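Q: For reference, the sequence and a predicted model appear below.
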Amino acid sequence: MRTEPKTIRKAGQLSLFEIPESVGVSIDVAATRLGVSSATIRNWLKTGYLSAAGNGRIDVESLDSFLREHAGKQKLTSRANKSQKDSHDHSEVSARFISRIVENSGDLHVVGTEYQAALSDSHRNKEGIYYTPESIVADMLRPPREDVSSKTFCDPCCGSGNFIVRALEVGFKPENIVGCDTDPVAVELTKGRILALSGYDSRSIYNESFLDRAIRTDASYDYVFTNPPWGKKLFKDRKDFYASIFHAGKSNDTCSLFFFACLKSLKYSGRLGFLLPEAFFNIAMYETARRAALNLKIERLVDYDKPFKGLLTRAQAIVLDTKKTNDTSHPICCEFSGNTHLRENSTFRKNPNAILNFKCNSNDSAIIDRAFSVPHITLEGRARWGLGIVTGNNKKFVKHTPAEGYIAVFKGADLRANELKKPHCFIPSDLSLYQQVAPVELYEANEKLIYKFISSDLCFFTDSKQRYVLNSANMLIPNRDFPISCQQLACLLNSRFINFIFRSTYNTHKVLRGDLEMLPIHVDYFDQHEIFEEESYLNHLGIKKGQNGAYRVKE
């Protein structure tokens, strides 16, 4: 049963990547203004206390109205808000542990471990705190090949001091070591560990932000090794300020800001070791940082799997020499899942957005290079894109049997390559009820491609029956003058080879529009082949698939 959907409210008419920065404020900014957690803001969105401005943003008028009518009243005084509770608890934790450190009660390494365990998940997330395991510290900061007794060392985000303790172990003098951290407990722990190991009472471990210190001072170091805050919450204007100062371009996440601040603070031919979330290596936002790294002498790219409890992201490291190099053939040691191989600098420079896909060996890199060297077009600027419906409350709106006034909707789980399951989700046809809806003409196009959003693989289906989808699936409609049909495009994107290119290049569990727009679309193949067939397609590219399933470039 299909009921014609009612008119969509204008505030919800949003296409993928069409939301300007000026529309509303982010959930994080709203949470900061109200002094509550982001989860609370989302709950107030669902219950109607706040209005969405689309794409995870809050309507400014509804926020101002909420502040006037509810702030200090039932919503903010009677509610035991999680973020407020966490802030209060952290102050108590800080005071207790500083007292223990000052009184020198117990082994400081044990005290540090206990302190890390005492930090709440909310506080860790807000500050981006994930202390580095000693095994990773030791592997990143291996014994230098030079005498470092007169060299300077800095850890800009020292935490409880693991990198600094390791620096002492490999030969740095305590008087040549500098550290920074915004957590006073971490600073006292680091000072105490230096004193216990060397007898030196350091005055060079500072309780301040290294970003501010790097602006204020001209200090430079021979070695900088650190694990910067991962996604620390900063106001956008502050992030933009730091990005401007450190020439970080659009890479204004805290990881990137610390990366550029550290480059500024290193001497010529200094060494930098950085532990980062895997997004740094493959997400478009960090392209400026990656290109800066590729202009230097990268020594190692290392994957450490998922060492942080509660975090799904992999931890990966980059170790480099800040001496600039034009040698694009310079070999980089790539270490992933116990395997080690060498890749030339140039193979990363050629990647879309300079992605550091160091999991790929040199043969896989050559295959990717061949795919992009054969004449092709891309989807960038050649398609319209749309998000699936965000209801804001699936439990409330989604039924699993047809009903009068309801329309069928499909989820990402309903999709298979070139297949679609029968509908088992139905929502009210009044689209103005929902938090986010794309323009209705996208859903009701004569022909469109539907694809899974949360997936490691590409999975596309050609829809010619004007179906609606939820936000676990997205849509694209090639422009009228696109040289191949929707069905041909779907077959190409579903192919084993293009999936190999996608996984090897992006190594992600989300199918992002920006990544799809960079994939090579070899339309010339369809001049000779109306129907897609994998073997003839590989032959067109000059690539052969071996019996073991591996691809290789034909000689």
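A: Now that the structure is in, tell me what you want to look at.
Q: wait, is Lys267 part of a strand?
A: Yes: applying DSSP: H, G, I helix; E, B strand; the rest coil, one finds Lys267 inside a strand.
Q: leaving aside the residues next to it on the chain, what's closest to it?
A: Closest residue to Lys267 apart from its sequence neighbours, by Cβ to Cβ, 6 or more residues apart in numbering: Ser220 at 4.8 Å. Backbone N, C-alpha and C define where each C-beta goes, glycine included.
Q: so who does that neighbour touch?
A: Thr152, Ser265, Leu266, Lys267, Gly270 (Cβ atoms under 8 Å, 6 or more residues apart in numbering).
Q: With distance to Thr313 and pLDDT added, can I get these in TSV?
A: Converted to TSV, the contacts of Ser220 look like this (distance: Cβ to Cβ, whole Å; pLDDT from 0 to 100):
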residue	distance to Thr313	pLDDT
Thr152	31	98
Ser265	26	95
Leu266	26	96
Lys267	31	94
Gly270	28	95
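Q: Now a PyMOL select for only the buried ones of those.
A: Per 16 or more other Cβ atoms under 10 Å, the buried members of the contacts of Ser220 correspond to this PyMOL selection:
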select buried, resi 152+265+266+270
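Q: Test my guess that Glu344 contacts Cys334.
A: No: applying Cβ atoms under 8 Å, one finds Glu344 not in contact with Cys334, separated by 10.7 Å.
Q: the more surrounded of the two?
A: Shown here are Glu344 and Cys334; by other Cβ atoms under 10 Å, Cys334 has more neighbours (24 against 16).
Q: Do you know the pLDDT at the more buried one?
A: With respect to pLDDT, Cys334 scores 97.
Q: what's the closest non-adjacent residue to it?
A: With sequence-adjacent residues excluded and distances taken as Cβ to Cβ, 6+ apart, Cys334 is closest to Phe358, at 3.9 Å.
Q: what sits against that neighbour?
A: Phe281, Leu301, Asp303, Ile332, Cys334, Glu335, Phe336, Arg343, Phe348.
Q: go with 7 Å
A: If a contact means Cβ atoms under 7 Å, 6 or more residues apart in numbering, then Phe358 has Leu301, Cys334, Phe336, Arg343 as its contacts.
Q: what pLDDT does it get?
A: Looking at Phe358, the pLDDT reads 95.
Q: In a strand, it, correct?
A: No: assigned with three-state DSSP, Phe358 falls outside any strand and is coil.
Q: And the furthest pair within the contacts of Phe358?
A: Across these, the longest distance by Cβ to Cβ is 10.9 Å; it joins Phe336 and Arg343.
Q: residue at max distance from the center of this structure?
A: Most distant from the centre of the chain: Glu404, at 42.0 Å, with distances by Cα atoms, centre = their mean.
Q: Doesn't that one lie inside a helix?
A: No: with three-state DSSP as the criterion, Glu404 is located in coil rather than a helix.
Q: Now do the SS call for Phe461.
A: Secondary structure, three-state DSSP: Phe461 is strand.
Q: Surely it touches Asp414?
A: No: at 8.9 Å, Phe461 does not count as touching Asp414 under the criterion of Cβ atoms under 7 Å.
Q: Need the residues touching each of these two.
A: Jointly contacting Phe461 and Asp414 under the rule Cβ under 7 Å, 6+ apart are Leu420.
Q: Just checking, which helix or strand of this protein averages the lowest pLDDT?
A: helix 74-77 (a mean of 44; mean pLDDT, DSSP states H and E).
Q: how close does Ala243 get to Ala214?
A: 13 Å (Cβ to Cβ, to the nearest Å).
Q: again, but for Val224
A: 10 Å.
Q: Repeat that for Thr322.
A: For Thr322, the distance to Ala214 - Cβ to Cβ - is 15 Å.
Q: Retrieve the pLDDT associated with the residue nearest the centre of the chain.
A: Nearest residue to the geometric centre of the chain (Cα atoms, centre = their mean): Ala279, 3.8 Å. Note on Ala279: pLDDT of 91.
Q: Could I get the contacting residues of it?
A: Contact analysis of Ala279 by Cβ under 7 Å, 6+ apart lists Tyr286, Thr313.
Q: Next, give phi and psi for it.
A: For Ala279, the backbone dihedrals (degrees, to the nearest 10) come out as phi -60, psi -30.
Q: Also Leu195?
A: According to degrees, to the nearest 10, Leu195 has phi -60, psi -40.
Q: ok, it to Ile205 distance?
A: 10 Å.
Q: go on, Glu419?
A: Look at Glu419 and Ile205: by Cβ to Cβ, they are 60 Å apart.
Q: the more surrounded of those two?
A: For Glu419 versus Ile205, the count of surrounding residues by other Cβ under 10 Å is larger for Ile205: 23 against 10.
Q: Which pLDDT value goes with the more buried one?
A: For Ile205, the model assigns a pLDDT of 96.
Q: just Arg124 next, same as before
A: pLDDT, Arg124: 56.
Q: how does this structure divide into domains?
A: 23-77, 383-553 (automatic domain parsing).
Q: For the ones you listed, which has the smallest mean pLDDT value?
A: Across the domains of the chain, domain 23-77 gives the lowest mean pLDDT, at a mean of 64.
Q: got the residue ranges for the strands in the stretch 351-500 of the chain?
A: Using DSSP state E, counting those that start in this stretch, the strands assigned to the stretch 351-500 of the chain run over residues 383-387, 406-410, 415-416, 419-420, 425-428, 448-452, 460-463, 468-469, 473-478.
Q: Partner strands of the third one, with direction?
A: Paired neighbours of strand 415-416 in the sheet (DSSP bridges): strand 419-420 (antiparallel).
Q: Going by neighbour count, which residues in stretch 155-173 are buried?
A: 155-168, 172-173.
Q: returning to that earlier point: of Ala243 and Ala214, give the one with the bigger neighbour count.
A: Neighbour totals were compared for Ala243 and Ala214, and Ala214 leads with 25 against 19 (other Cβ under 10 Å).
Q: secondary structure class for that one?
A: Once three-state DSSP is applied, Ala214 turns out helix.
Q: wait, isn't it in contact with Ala261?
A: Yes: in this structure Ala214 lies within contact range of Ala261 using Cβ under 7 Å: 4.3 Å.
Q: tell me which element Gln316 falls in.
A: Gln316 is part of strand 315-324 when elements are defined by DSSP states H and E.
Q: Please save the CA atoms from that strand in CSV.
A: In CSV, the C-alpha atoms belonging to strand 315-324 read as follows (Å, rounded to 0.1, in the frame of the first residue of the first chain):
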residue,chain,number,x,y,z
ALA,A,315,45.3,3.9,16.6
GLN,A,316,48.0,4.6,14.1
ALA,A,317,51.3,6.4,14.2
ILE,A,318,53.4,8.5,11.9
VAL,A,319,57.1,9.0,12.6
LEU,A,320,59.0,11.5,10.4
ASP,A,321,62.0,13.7,10.0
THR,A,322,61.2,17.3,9.4
LYS,A,323,63.8,17.8,6.8
LYS,A,324,62.0,18.7,3.6
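Q: Could you list the low-pLDDT ranges of the stretch 51-200 of the chain?
A: By pLDDT under 70, the weakly predicted segments of the stretch 51-200 of the chain are 54-55, 60-62, 64-106, 109-130.
Q: Show me the helices in it, by range?
A: Shown for the stretch 51-200 of the chain, the helices assigned by DSSP state H, counting those that start in this stretch span residues 60-69, 74-77, 82-102, 108-118, 121-127, 134-140, 162-169, 184-198.
Q: try the stretch 301-450 of the chain
A: 345-349, 362-373, 394-397, 440-443.
Q: what's the answer for the stretch 451-555 of the chain, then?
A: Using DSSP H, counting those that start in this stretch, helices in the stretch 451-555 of the chain cover 486-494, 496-506, 513-516, 525-528, 534-541.
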